[in-house]
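[1] Predicted model, plus sequence, below.
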Amino acid sequence: MTESELLPLDQRISAPERPTEPRHPDVAQWRPATEDDIDALMVLMRALDTADHPTWTTAREEVADQFDTPFIDPAVDSLIGLDGDGRIVALAWAELAPGRETRVQAYAFGGVHPELRGRGIGRQVMEWSAQRCLQRMAETRSTLPAWLMTYAEETNVAAIRLAERRGMRVERYFTSMERVLADPIPDIPIPDDVRVIGYTPALAEAARSARNDAFRDHWGSQPSAPERWQQFVGGELFRDDLSFVIIERADAGGTGVTDVLGVPVRIVAFALGSVNEEDWEVQGFSSVYIDLIGVARHRRRQRLAPAAIGALLRAARDAGLDRAILDVDTASPTGAHTLYEGMGFRPTERTVALVEEF
């Protein structure tokens, strides 16, 4: 059956009227999360971070953003479990991605405090979040293909098995890579009709357009919605001074026109960075995380990506940081893995993406 022949999602998905609420003797209460829970949620997140990915931490901003987005209603899209002392020991989230150009995607997230693992709570949390995702996808009545997705560290075998038992399968591996900033940073020549400039807030919408164009053929990518994009570039962790774009004259073709110094231009490549200083203690060094690297499709194979990365690396080095970190799809259609190795990055760990298709 072709995409145009697919039935609406409410006819393809068997979604319950309401998710099955977990029941477990070690959890005294289940209820939706509220903004008043953020600090208590951060206590749980620190325990999950230490157990599941000890080299990086969940930023408070990321948790707070879940309560400040039109795409999630915590009253129905979240569930927390509290023990007899009122401590949050389990968490489930369901998120329907707003960008739906070629596919409907929903993300099931969750976790159980390491002290209570192996008792069956995780299975119930996974099922609740998956059922809520199915509900949200069915409500769209879209005739597009649909994916139910989750992510787990490759070393978190228990989480991967839970997702697989739910019907998901491992579809992709994402490799974390690091680079020592003190090592020589190559100066990459670029065509005369483009130039590298620092990111400024005035470029936000043009950068979003460039991101959506550059990632159109990347696995699992859908357009970034304006609200979600603003949370990213307007967030506390994002660093304008460690983010760079490459621009061309707007009359060169493509999309994403803006004005810089009165000249119509378009962003054709970018390397955008953020800094979470809470990561530094667990890493043992200071770092910049390169969130996004991309090149407009009509400008690929012109060395624009390494040029933008190089500008970011030099700025991070000059800011006194020790290393740069990024994540890459190991099967990227642009050969990004090889590019980053050529820029001095070395692999450290992997995350897996699991998908159930409808």
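    Sure thing, it's come through.
[2] in stretch 349-358, what's buried?
    Using 16 or more other C-beta atoms under 10 Å as the test for burial, stretch 349-358 gives 349, 351-356, 358. Bear in mind the C-beta positions are built from the backbone N, C-alpha and C, glycine included.
[3] Following the record's annotation, map out the domains of this structure.
    For the chain, whose domains are defined here by automatic domain parsing, the residue ranges read 3-167, 177-349.
[4] Tell me the one of the buried residues of stretch 349-358 nearest residue 100?
    Comparing these against residue 100 with C-beta to C-beta picks out residue 358 as the nearest, at 13.5 Å.
[5] Could you list everything the residue lying closest to that closest one once chain neighbours are set aside pairs with in the sheet?
    Of all residues beyond its chain neighbours, the one nearest residue 358 is residue 146 (4.2 Å), with distances taken as C-beta to C-beta, 6 or more residues apart in numbering. Using DSSP bridges, the bridge partners assigned to residue 146 are residue 104.
[6] need the contact list for residue 146.
    With contacts defined as C-beta atoms under 8 Å, 6 or more residues apart in numbering, the neighbours of residue 146 are 9, 12-13, 103-106, 137, 357-358.
[7] Distance to residue 240 and pLDDT for those residues - can I get that in TSV?
    TSV is the format used below for the contacts of residue 146 (distance: C-beta to C-beta, whole Å; pLDDT from 0 to 100):
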residue	distance to residue 240	pLDDT
9	39	97
12	43	95
13	42	95
103	32	96
104	33	97
105	29	97
106	32	97
137	36	97
357	39	96
358	40	96
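[8] Most neighbours of all those residues, which one?
    residue 137 (27 neighbours; other C-beta atoms under 10 Å).
[9] Against which helices or strands is the strand or helix carrying it packed?
    Under the criterion of DSSP states H and E, residue 137 resides in helix 121-140. For helix 121-140, the packing partners by 3 or more C-beta pairs under 8 Å, 6 or more residues apart in numbering; DSSP states H and E come out as helix 9-12, helix 74-77, strand 78-82, strand 88-96, strand 104-112, strand 146-153, helix 157-166.
[10] Number of residues surrounding residue 184?
    Using other C-beta under 10 Å, residue 184 is surrounded by 6 other residues.
[11] before we move on, what SS does it have?
    Following DSSP: H, G, I helix; E, B strand; the rest coil, the label given to residue 184 is coil.
[12] and if you look at residue 313?
    When states are read from three-state DSSP, the local structure at residue 313 comes out as helix.
[13] cool, residue 302 as well?
    Of the three states, residue 302 takes coil under three-state DSSP.
[14] Let me know the helix or strand that the nearest residue to it once chain neighbours are set aside is in.
    Excluding the flanking residues, the one nearest residue 302 by C-beta to C-beta, 6+ apart is residue 191, at 5.8 Å. Under the assignment given by DSSP H and E, residue 191 is not contained in any helix or strand.
[15] and residue 191, what pLDDT?
    pLDDT recorded at residue 191 is 96.
[16] what does residue 218 give?
    The model's pLDDT for residue 218 equals 88.
[17] out of the buried residues of stretch 349-358, who's nearest residue 119?
    Proximity to residue 119 was ranked across those by C-beta to C-beta; first place goes to residue 354, at 22.3 Å.
[18] ok, now which ones touch the closest one?
    Residues 149-152, 160, 163-164, 168-171 are the ones in contact with residue 354 under the rule C-beta under 8 Å, 6+ apart.
[19] same thing but at 10 Å, please
    108, 147-152, 159-160, 162-164, 166-172 (C-beta atoms under 10 Å, 6 or more residues apart in numbering).
[20] what's the answer for residue 14, then?
    Neighbouring residues of residue 14 by C-beta under 10 Å, 6+ apart: 131, 134, 138, 358.
[21] Put the buried members of these into a ChimeraX selection.
    Selection of the buried residues among the contacts of residue 14 in ChimeraX, burial being defined by 16+ other C-beta under 10 Å:
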select :131,134,138,358
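[22] which one of the contacts of residue 14 is nearest residue 47?
    For residue 47, the closest of these turns out to be residue 131, at 25.2 Å, with distances computed as C-beta to C-beta.
[23] So that closest one sits against residue 18, correct?
    Yes: counting by C-beta atoms under 10 Å, residue 131 sits close enough to residue 18 to count as a contact (8.1 Å).
[24] quick one on the thing from earlier: how about the contacts of residue 146 in CSV, adding distance to residue 182?
    CSV is the format used below for the contacts of residue 146 (distance: C-beta to C-beta, whole Å):
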residue, distance to residue 182
9, 51
12, 53
13, 52
103, 42
104, 45
105, 40
106, 43
137, 47
357, 45
358, 49
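[25] related to what we said a few turns ago, mind checking which of the buried residues of stretch 349-358 land in strands?
    Taking DSSP state E as the definition of strands, the buried residues of stretch 349-358 contribute 349, 351-356.
[26] ok, of the residues you listed, which one's closest to residue 208?
    Distances from residue 208 to these, taken by C-beta to C-beta, are shortest for residue 353, at 22.9 Å.
[27] Kind regards, and thank you for your time.
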